[in-house]
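Chemist: Sequence and predicted model, in that order:
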Amino acid sequence: MDAYIIKAYRTAVGKAKKGSFRHTRPDDLAVKVIQHIMSEVPDIAPEMVDDVIVGCANPEGEQGLQIGRWVAVQALGITVPGMTVNRYCASGLETISLAVAKIQAGMGHVFLAGGLESMSMIPMTGYKFAPNYNIVANTPEYMASMGITSEMVAKKYEITREQCDAFALRSHQRAAAAIDAGKFKDEIVPVEVTEVFVEGDRRQEKKFTVDTDEGVRRDTSLEALARLRPVFAAKGVTTAGNSSQTSDGASMVLVVSEEIVRRYNLQPIARLVSYAVGGVDPLYMGIGPVAAIPKALKRAGLQLKDIEQVELNEAFAAQSLAVIKEMDLDPEIVNVNGGAIALGHPLGCTGAKLSTQLFNEMRRRGQKYGMVTACVGGGQGIAGIYELL
Amino acid sequence: MGTGIACHLANAGFSCLLLDILPPDLKEGETSPEARNRLAASALKKALKAKPAPLMDPEFASRIEVGNFEDDLPKIADCDWIIEVVVERLDIKQQLMERVEQHRKPGTLVSTNTSGIPIHLIAQNMGEEMRRHFCGTHFFNPPRYLRLLEVIPGPDTLPEVIDFFMTFGDRFLGKQTVLCKDTPAFIANRIGVYMMGVVFQLVEELDLTIEEVDVLTGPLIGRPKTGTFRLADLVGLDVAVKVIGGVQENCPEDEDVQKIKLPAYFQHLLDNKWFGDKTGQGFYKKTDERDERGKRIILALDLKTLEYRPRRKPKLPAVEAAKQIEDLNKRLQFLLKDQSKVGEFMRRSFAALFSYASKRIPEISDTIFGIDDALRAGFAWKQGPFEAWDAIGLETGLDLCSKAGLKVAPWVSEMQDKGAANFYKRESGRKFCYDLPSGKYQEVRSTEGLVILDNYRDQSPVYKNDEIILHDIGDGVLCLEFTSKMNAIGEGILRGLGESIRIAEEGEWQGLVIGNNADNFTVGANLMLIAMLAYEQEFDELNMAVHLFQQTSMRCRYASVPVVIATQGYTFGGGCELLMHCDSAAAAAESYIGLVEVGVGLLPGGGGTKEFALRASKEYGPDGVMIPTLVERFRTIAMGTVATSAYEAYKYGYMERGRDQVVMNTQRNLAKAKKRVLELAPNYVQPQPQQVTVLGRTGLAALYAAVSEMYLGQFISEHDAKIARKIAYVLCGGDLSGTSRVSEQYLLDMEREAFLSLCGEQKTLERIQHMLKTGKPLRN
């Protein structure tokens, strides 16, 4: 039985540590998105949801305790189960593929899938960085930080600092234009935040609504970007300015079976045509999509030229450029509304968030096939091909 | 300067309000405090980036609130001390003081940091109550580092206000406080600048180059390495000429200063506005070119042609010979006897110094020590004029003056007539100074309560070997003084330390202080010794040497009497390891502490690596994740991090709060350590060996990954990575399967093995050799 995506929403993406969601729990964000989705499909009662599949890249601390279950309980009640899935930065896309696969396998009819991350609350490698001793003793480069992998990719694929900065600038410019054109307005679920804090030795409360992505730097320029120092390697190309931002956010989609679509006369947005993951040398993590894209195309029975739009997660400018170069992607159809360098990269949420953005932009452009792809920690790549309906 | 003073008050733990004028470029509509306070705020921001750092810990900046004179002056009503540090113009100072008077509460102390304007003029329009609480407090730039604080009473200042500043400045701000009079340029600048003028003339008369003079007026005679011309560039020629001019104008009766004429070469620089460092050139000029060794080429002014030419290393045989003489006093005596122009320069400049300083008493100071204290602390001289005079002998000094045709103040011969042959004398731990009015020796007020080891040289030491002296510093406390070159720790110190602890334990002693009065506590272990053994591949000997160090550290930790360490200046490597093994430290705030062994290709082998494992172990909570703590400890050693103040040493874990204390006044650290021994002794229980929690493979994997990360990022070399992995191995207790409890000795054995294995590495030997040759670390 086939599966269809009926709804796709996200929160705005907050800047980690200093943004609007710095004190908002990621499960609360996901709950808000689910409640909004459910409000738009009154025929589907909460107890009809077979499972809530939540992606998260660092499921510990505030994101621990199997956060997927607590998203389900808060959003839909105790009878609805929930689980957490981790494929690092691909988690949010992985969960969608799982929902689709489960429906196709006859394991249910109604799934909420997506992801969340609060990088304000949980640092990149979690609180206890404890890799396997044997791996580190024999192949320490497998444990290289994401930044180092960006440098390695830059070196191997001959990506320069100037190219990285230009790519970063373009991301900001496109994102600013998209926000100004109100392109994300309809996909963002506004979240009301109440902050309780101390000022002048008194307990104070502040309420505000967050409905716009916070990462864009409208005042940045090539000169400003060029002034930043490489962070990960002494003579590297990767700076804070041409890397993805650390962020907070959540995004969820509603996936249902063909039967449900028919029974309730629902209007599907899209369907996941194919999905693939692949592995590469962990030291060159950023090139991961190159291992996944051809597989996904083959499974879909499509060719690259059939893909009209691509959301390529901008983990780093260097790795994005290397993927574009290696896959011979048309830069003009990649990240048309900017990417993670400008809009942020809430790890576990990103896959679902990029899917949501892709659906809306494809709709505006009247396109049929689009792709979401990302590099994934540990040396992996993911690609999902959607058909807009 | 105002910001520097505010930073130093913050260093001392006080909160302060830093006010500046409104920005002259303030635009209409800019009404926010951020805009209006931006001058003070940007000065503070700049201070945070300045090197050397005005703050002992960047976090202390939170103790400083910024504001402006227009909006925030009322806030001074809540301040206890108001310091004026505005431009050196009497009318502006007076106007500001008028406004201060409107807002300040009665009883609040007010002072000016002027260096040239008479205090009584600034005070003249003040009300009586304010005048009583007003005086001069003259800091020297940079306020954190230069130790002098001149305290200048105005005509109506209450004596208790002056007493307060003399004590407060000493105890809380860590300054050498000197009581001055309201005379032009006070003490230090008056004499210091006069001497600059003398040297400016001598250089022409004796046909010397500026490089030669800078050598002759540098460390050779116990003065800073900037010498005279480099110092002039640093201070600014315009400033120097202003001070000389000010004194000439305001002291018509000072014949000596009236005689000083600015030489043509000086005028040439002034005419061109080449004021020194701040204008990019003065007597010296830095270029962007580099020589074949990659060193920046610096030009020097040829005083005859007035052209810049490459700087030349002076070749003066007398200087080379004098450099071989370790003892400063003997070196001075030697130089004064020299028959070349070096000797002539010395004789004439010292004669001028002695003559001039003697004639300034009682004009600028009632005491001899006041003048010496001021020059030592304000200009970083090892000896003030009278101390230098004592060093060469009273008669010799008088002789120098008469041969130079210079008069000496009559009180000097009166003193001689009374049978006093020296300005100072030291007796049973105390320092006395000749007192003019009474004609008798009196204890030097500024040294009361201090432990100065020179004052004990007349008594026979409790124990002595070629690298240490064990002093009885009274009240049943012993003090072990290092006497090796640069206080490097060699076998003599280690054996002497073991012996001293034995003496303290077996005799009726309260405990032991480890400390000295040198500029630097120690540069660390004797590298030459390690190098020799390593080159010869004498691993048995090396093993014994490292073992001795470890066991000595452990003796400090587990002695049956308290062992307290007092540090100042460099406290590197082995010095830091000793510090961490003592019961307590009395560290001068200006202590630069660090395990720097990686710089010479080694790891801390005197118990330092073990101690970091132990300290990390104490910080692990019962269910804590531990790894972040371990990583932080690891990083500190692996990067060879040096704390640039004792406060920073708390942050890096070299010192522990509660156990170790910071002493603001460097000169008081030994006294503090002695007091600490006496506090601990009555209830002292010999510590018992402890177990250390180590993380084994789990920790090791995290640290190895961190090393790999630094290596891949090309932040460290392959050899750095190798050393770092060895440090990691010791910190984790090796590749144990899980978290385990191990003994200190187990870790010491691992530490020693790692140390020895690195001694067998060619790259480590290269690093050691480079350090011994150049004094700088090699990255290979």
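Modeler: Cool, got the structure. Numbers count the residues shown, from 1 in each chain, chains lettered A, B, ... in the order given.

Chemist: which residue does chain A bring closest to chain B?
Modeler: At 3.4 Å from chain B, residue A:140 is the closest residue in chain A, using C-beta to the nearest C-beta. From N, CA and C alone the C-beta is placed, and that goes for glycine too.

Chemist: What residues does that residue make contact with?
Modeler: Applying C-beta atoms under 8 Å, 6 or more residues apart in numbering or on different chains, we find residue A:140 in contact with B:704-705, B:707-708.

Chemist: same question, residue B:198
Modeler: B:260, B:348-349, B:352-353.

Chemist: ok so, going back, which of the contacts of residue A:140 lies closest to residue B:273?
Modeler: Of all the contacts of residue A:140, residue B:707 has the smallest distance to residue B:273: 52.4 Å, by C-beta to C-beta.

Chemist: Spatially nearest residue to the residue of chain A closest to chain B, not counting backbone neighbours?
Modeler: residue B:708 (3.4 Å; C-beta to C-beta, 6 or more residues apart in numbering or on different chains).

Chemist: Pretty sure that neighbour sits against residue A:136.
Modeler: Yes - contact criterion C-beta atoms under 8 Å: residue B:708 and residue A:136 qualify, at 7.3 Å.

Chemist: Chain A contacts on chain B?
Modeler: Selection of chain B residues close to chain A by C-beta under 8 Å from any C-beta of the partner chain yields B:625-628, B:631, B:697-698, B:700-702, B:704-705, B:707-709, B:712-715, B:735.

Chemist: again, 7 Å this time
Modeler: B:625, B:627, B:697-698, B:700-702, B:704-705, B:708-709, B:712-715 (C-beta under 7 Å from any C-beta of the partner chain).

Chemist: Could you point out which of these is nearest to residue B:131?
Modeler: residue B:715 (59.6 Å).

Chemist: The closest one: helix or strand, and which one exactly?
Modeler: Assigned by DSSP states H and E, residue B:715 belongs to neither a helix nor a strand.

Chemist: The residues of chain B next to chain A: which two are farthest apart?
Modeler: B:625 and B:714 (29.6 Å).

Chemist: list the contacts for the residue sitting nearest the centre point of chain A?
Modeler: Centroid-nearest residue in chain A: residue A:350, 0.7 Å away (criterion: C-alpha atoms, centre = their mean). If you count contacts by C-beta atoms under 7 Å, 6 or more residues apart in numbering or on different chains, residue A:350 has them with A:89, A:92, A:313, A:340, A:374.

Chemist: Between those residues, identify the one with the most neighbours.
Modeler: Scoring the contacts of residue A:350 on neighbours with other C-beta atoms under 10 Å in any protein chain shown, the highest-scoring entry is residue A:92 at 40 neighbours.

Chemist: Surely that one and residue A:356 touch.
Modeler: No - applying C-beta atoms under 7 Å, one finds residue A:92 not in contact with residue A:356, separated by 9.4 Å.

Chemist: Now do the shared contacts for these two.
Modeler: With C-beta under 7 Å, 6+ apart as the test, residue A:92 and residue A:356 both reach residue A:251.

Chemist: which stretches of chain B aren't confidently modelled?
Modeler: By pLDDT under 70, chain B has no low-scoring segment.

Chemist: What about the residue of it found nearest chain A, how many residues nearby?
Modeler: Nearest residue of chain B to chain A (C-beta to the nearest C-beta) works out as residue B:708 at 3.4 Å. As a burial measure, residue B:708 scores 22 neighbours (other C-beta under 10 Å).

Chemist: now the host helix or strand of it, how far from the chain's geometric center?
Modeler: Per DSSP H and E: residue B:708 is located in helix B:696-712. Taking C-alpha atoms, centre = their mean, to the nearest Å, the mean C-alpha location of helix B:696-712 is offset from the chain mean by 37 Å.

Chemist: go on, stretch B:382-399?
Modeler: On C-alpha atoms, centre = their mean, the centre of stretch B:382-399 falls 25 Å from that of its chain.

Chemist: can you pull the buried residues of that stretch?
Modeler: Within stretch B:382-399, the residues that count as buried by 16 or more other C-beta atoms under 10 Å in any protein chain shown are B:382-392, B:394, B:396-398.

Chemist: what about that stretch, start to end distance?
Modeler: 23 Å (C-alpha to C-alpha, to the nearest Å).

Chemist: Can you give the contact residues for that stretch?
Modeler: B:191, B:222, B:328-329, B:332-333, B:336, B:350, B:353-354, B:357, B:368, B:371-373, B:375-376, B:408, B:416, B:421-424.

Chemist: Which helix or which strand is home to the nearest residue in space to residue A:221 that is not next to it in sequence?
Modeler: Spatial nearest neighbour of residue A:221, chain neighbours left out: residue A:169 (7.0 Å); criterion: C-beta to C-beta, 6+ apart. Using DSSP H and E, residue A:169 sits within helix A:161-180.

Chemist: Off-centre distance for that helix?
Modeler: 18 Å.

Chemist: Following element in sequence after that helix, please.
Modeler: Following helix A:161-180 in sequence, per DSSP H and E, is strand A:191-199.

Chemist: For that following strand, list every residue counted as buried.
Modeler: A:191, A:193.

Chemist: neighbouring contacts of that strand?
Modeler: Against strand A:191-199 from outside (C-beta under 7 Å, 6+ apart): A:11, A:20, A:23-24, A:29, A:32, A:203-210.

Chemist: Can you give the strand pairings for it, parallel or anti for each?
Modeler: strand A:202-210 (antiparallel) (DSSP bridges).

Chemist: now the strands for chain A?
Modeler: For chain A, the strands defined by DSSP state E occupy A:3-10, A:14-15, A:51-55, A:82-85, A:110-118, A:191-199, A:202-210, A:247-257, A:270-279, A:309-312, A:369-376, A:380-388.

Chemist: Save the ones you listed as JSON lines, and put in mean pLDDT and distance to residue B:277 too.
Modeler: Below are the strands of chain A laid out as JSON lines (pLDDT from 0 to 100; distance: least, C-beta to C-beta, whole Å):
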{"stretch": "strand A:3-10", "mean pLDDT": "98", "distance to residue B:277": "57"}
{"stretch": "strand A:14-15", "mean pLDDT": "98", "distance to residue B:277": "42"}
{"stretch": "strand A:51-55", "mean pLDDT": "98", "distance to residue B:277": "59"}
{"stretch": "strand A:82-85", "mean pLDDT": "98", "distance to residue B:277": "61"}
{"stretch": "strand A:110-118", "mean pLDDT": "98", "distance to residue B:277": "50"}
{"stretch": "strand A:191-199", "mean pLDDT": "95", "distance to residue B:277": "45"}
{"stretch": "strand A:202-210", "mean pLDDT": "96", "distance to residue B:277": "49"}
{"stretch": "strand A:247-257", "mean pLDDT": "98", "distance to residue B:277": "46"}
{"stretch": "strand A:270-279", "mean pLDDT": "98", "distance to residue B:277": "59"}
{"stretch": "strand A:309-312", "mean pLDDT": "98", "distance to residue B:277": "52"}
{"stretch": "strand A:369-376", "mean pLDDT": "98", "distance to residue B:277": "51"}
{"stretch": "strand A:380-388", "mean pLDDT": "98", "distance to residue B:277": "56"}
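
Chemist: Of these, which is nearest residue B:671?
Modeler: Nearest to residue B:671 among these is strand A:191-199 (42.8 Å), distances taken as C-beta to C-beta.
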